[in-house]
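>>> how would this look folded up:
(2 chains)
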Amino acid sequence: MQRVRILTDSTADVPADIAERLGIVVVPAYVQFDGKSLRDGDQISREEFYRLLRTLKKPPTTAVPPAEEFAAAFRSLVGQAEEVIAILLSTTLSGMYNAAWLGSREVPELKIHLVDSRQLAMGLGWQVITAAEAAAEGMGSEEILALLADLQPRIRVLAMLDGLDHLQHSGRVEWARAMAVRLLRIKPLIEVRDGEVILTGRVRTRRRAVERLVEMTAALGPLERLAVMHSAASDVEMFRRRLGEIFPLDQILVTQVGPVVGAHIGPHALGVAAITAA
Amino acid sequence: MPEQRERRFVADGQEFKEWVRAGLGWLQHHQEAINALNVFPVPDGDTGTNMVLTMQSAWNEVHKSPEREVGTIAHKVAHGALMGARGNSGVILSQIWRGMARSLDGKEVMTGEDLAAALEEGAQTAYKGVIRPVEGTILTVAREVAEAAAEAVRHSEDLIFILEQIVRRAQDAVARTPSLLPVLAEAGVVDAGGQGLYVILEGMLRYLRGESVAEDLGFIRAVDLATTAPAPAEEEGYGYDVQFIIVGNGLDVEAIRRDIDAMGESALVVGDPSAVKVHVHVPDPGVPLSYAVKLGSLRDVVVEDMQAQYQQFVMGREQPPVLRAPMAATEIATVAVAAGEGLARVFQSLGAAAVVHGGQTMNPSTEEILQAVESVPSNRVIILPNNKNIIMAAEQARDLSEKSVVVVPTRTIPQGIAAILALNYQADLETNAQTMLEAAQEVQTGEVTTATRDVTLGGLSVHKGQVIGIHDGELCVAGETPEQVVEALIERMNPSDLEIITLYYGADVSAEEAETLVERLEEKYPDLEFEVIEGGQPHYFYIISAE
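Residues are numbered from 1 along each chain as shown, chains lettered A, B, ... in the order given. So this is what the prediction gives:
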């Protein structure tokens, strides 16, 4: 029996094969549109979601799973591990952590540590993968928690969105809401830092936005790990190759952003989640 | 019979004022002729108008000053010129005054030698005020004038003699500007700023000789210092300073100028068929007002008793108010110059803290830009002039402000928009200036307007009234309709390398016309993204931004 198991929510975008190999438990989030509420992954695929996103008149909404689903996930680990570390979508952006906390109270027989990732998508995903790798090596919970504390400030998440519409509709990001009067089409460059979505640039063309993103990634300095994130962007392979100039191409992980984050940032976004060298 | 010539050896402050007034009057008289010397046949910031407004501001500063010391008056003239400086020629002219004032500092009267020294210092200051001085411009004329004065003073200390030599050399220097600056030769004009300086000096000479400097100013007689008592404070007895804007349709600027000229003194009439600004000194304010009200509706009417409180910066207040947006004091504020409500809105939507009204046709003064800089609640300010003829005035405003100010020398509206988009609130001013300038250079600009005269430039022959297209400052297309010229411009912009084209349509274009044009363009270039935005700019049918 492994001493520690790692649990997360589906917004971490951890690829299924990695999750399976490392024994990561993923609790799916929900996306709602046209009166339906569908579970990320098994009830709607990401490809399907982005196809639908283009045609929807009303923007989709997202929902955290009921606490009971977290409780069920924790329960499934009873007898499988001594302790569980649950690493979750940033509390600044979602109620995911709260749902997990409520769920954890239903399973008192298991020692559960909750970690606020202060991140989203692969910014969360890298924390989950790193912790799961350490757990697989037999590391204890205290060591893993210390590892995460060291890791969090070194995680950088940069992205370019294809437009501002979805972020504005989402209402979660203050500056995006404030840019109510928009006369020009703009592609915002953003960074997620300590749970906050920060506007780092405004660019007019996609080509230049991609260029800036590559430059900004290169400016992060030496990297331990690098993931490309996208929301059904067609130029993701080109972007990956550009990043190959600054990081070994075969080690760049490509992930599709899930519907919860995707509904807020819209399609055609590109980004990176990097772990900078210690 | 030998001609008995009048001679003059010193000028005091009051006399110096008369020189300024005569220079202004003669310049006003030649304003339109100087405006016509624009190299580009576009309704650009008119050099004649800009220099008149600059001199007018200088005159406003001193016309009630009673001081007799020439040093004091010269400083006031320089200050007025500095604040009122508009356009590059206006800025250089204000620098000449600044240098002269420095040279005359502390002097009671000005001798011929003082004049020569002042002109020398004026020319030097003007050269220093330009990063890359270009010969064949007002700078050349200023330098040669100083040389002529230095030579003349060796022969005679008589101010009239010296001014005669100066004016002769100025005329000669202006005539030679096309041989120094090929673009002038190509356009078949002499340098407008140089011509303006020559005219100002000639006006001073005419005054000294007792000749008329302009019909509207009447016959101004030189005051002979040796024989007369101190000049009276109110020589003319013109009692009211009247200002207003006539808003109407198809206003005849020329006719209005003629009529207003006849009514009073120091008349200033500028504008276009939709709005004309009038400023005149008259004995009865009712006369110009009842005349103007028949032509259109009146705005911003100001009537002031000239005896009353001295009115500083009269020229500064007449522009539409500076538009401001709320912001945090610690942020970097951006001040953008733009003509047209739509363009102002675009800049505001992108976070500009203040938009100064102005652009191609009406260049804002140093003071107007300075006021905007001072009005924003931030101590770090970036100015986007968005026009090549406003950059120097913006730089002067920067130098006058106590705040940390940088000028990003954007030359077009699309460049200004690209620059403001690149603003990074987290970075410092200098870093931003660099990033914003780089961003500005990544965008291509097309401008579509009407040729204001016949010209052949760069092998392209253009007739007055034709629609012309300018690509990144270069006149390159002439056609019959704005739409045709827009298409030709886009063709030159390497459309296969572009992603997004924005059309800002002007006051003379309807939304339907712009939409129709874009529909056609979308068919022609299916891979490009098009945006149509109401710019509301005067005179320019379209401003095109291509990235």
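>>> of all of the stretch 101-250 of chain A, which residue lies closest to chain B?
Relative to chain B, the nearest point of the stretch 101-250 of chain A is residue A:205 (4.1 Å; CB to the nearest CB). For the C-beta atoms, the positions are set from N, CA and C on the backbone; glycine is no exception.
>>> show me the contacts for that residue.
A:187, B:499, B:500, B:547 (CB atoms under 8 Å, 6 or more residues apart in numbering or on different chains).
>>> can you count the residues close to residue 71?
Looking at chain A here, since you left the chain open. Counted with other CB atoms under 10 Å in any protein chain shown, residues neighbouring residue A:71 total 19.
>>> Not quite, go with chain B.
For residue B:71, using other CB under 10 Å, the count is 20.
>>> swap in residue B:433?
17.
>>> which residue is nearest the middle of chain A?
Nearest to the mean C-alpha position of chain A, counting by CA atoms, centre = their mean, stands residue A:121 at 0.9 Å.
>>> and that one, what pLDDT?
pLDDT, residue A:121: 97.
>>> related to what we said a few turns ago, ok, and the most crowded of the contacts of residue A:205?
residue A:187 leads these on contacts (other CB under 10 Å) with 24 neighbours.
>>> Look up the closest residue to the residue of the stretch 101-250 of chain A closest to chain B, ignoring the ones flanking it.
Leaving aside its chain neighbours, residue A:205 sits nearest to residue B:499 (4.1 Å; criterion: CB to CB, 6 or more residues apart in numbering or on different chains).
>>> Is residue A:112 in a helix, a strand, or coil?
Using DSSP: H, G, I helix; E, B strand; the rest coil, the secondary structure recorded for residue A:112 is strand.
>>> For it, name its beta-bridge partners.
Taking DSSP bridges as the rule, residue A:112 bridges to residue A:84.
>>> which residues touch it?
Contacts of residue A:112 (CB under 8 Å, 6+ apart): A:74, A:83, A:84, A:85, A:86, A:104.
>>> For it, give its distance to residue A:54.
Distance of residue A:112 to residue A:54, computed by CB to CB, to the nearest Å: 39 Å.
>>> Check the gap between the residue nearest to the centre of chain A and residue A:158 for me.
Residue A:121 is 11 Å from residue A:158, by CB to CB.
>>> what's the overlap in contacts for the two?
In contact with both residue A:121 and residue A:158: residue A:271, using CB under 8 Å, 6+ apart.
>>> in what helix or strand does residue B:362 lie?
Counting by DSSP states H and E, no helix or strand carries residue B:362.
>>> So for it, what's the pLDDT?
At residue B:362, pLDDT is 81.
>>> Can you tell me which residues in chain B are near chain A?
Residues of chain B found near chain A (CB under 8 Å from any CB of the partner chain) are B:345-346, B:348-350, B:417-418, B:421-422, B:424, B:426, B:442-443, B:499-500, B:502, B:529, B:531, B:533, B:547.
>>> Sort out for me which of these are in strands.
B:500, B:502, B:529, B:531, B:533 (DSSP state E).
>>> Regarding the chain, what is its longest helix?
Here I'm looking at chain A. helix A:121-136 (DSSP state H).
>>> Actually, chain B is the one I wanted.
helix B:159-180.
>>> Which positions within that one qualify as buried?
B:159-167, B:169-171, B:173-174, B:176-178, B:180 (16 or more other CB atoms under 10 Å in any protein chain shown).
>>> Who are the contact partners of residue 98?
Just going to use chain A. A:64, A:91.
>>> try chain B instead
Residue B:98 neighbours (CB under 8 Å, 6+ apart): B:78, B:81, B:82, B:122, B:125.
>>> how much space between it and residue B:353?
From residue B:98 over to residue B:353 (counting by CB to CB), the distance is 29 Å.
>>> One more: residue B:377?
Distance from residue B:377 to residue B:353, by CB to CB: 8 Å.
>>> same thing with residue B:245?
For residue B:245 relative to residue B:353 (CB to CB), the value is 26 Å.
>>> Count the neighbours of the residue nearest to residue A:264 when sequence neighbours are not counted for me.
Spatially, and ignoring its direct neighbours in sequence, residue A:264 is nearest to residue A:170 (4.1 Å; CB to CB, 6+ apart). Residues near residue A:170, counting by other CB under 10 Å, number 20.
>>> Next up, the contacts around residue A:170.
Contacts of residue A:170 by CB under 8 Å, 6+ apart are A:59, A:176, A:263, A:264.
>>> where does the chain dip in pLDDT?
Because you didn't say which chain, this covers chain A. A:177-182 (pLDDT under 70).
>>> wait, chain B
Ranges of chain B meeting pLDDT under 70: B:1-5, B:44-45, B:214-239, B:241, B:265-272, B:275, B:300, B:304-330, B:360-361.
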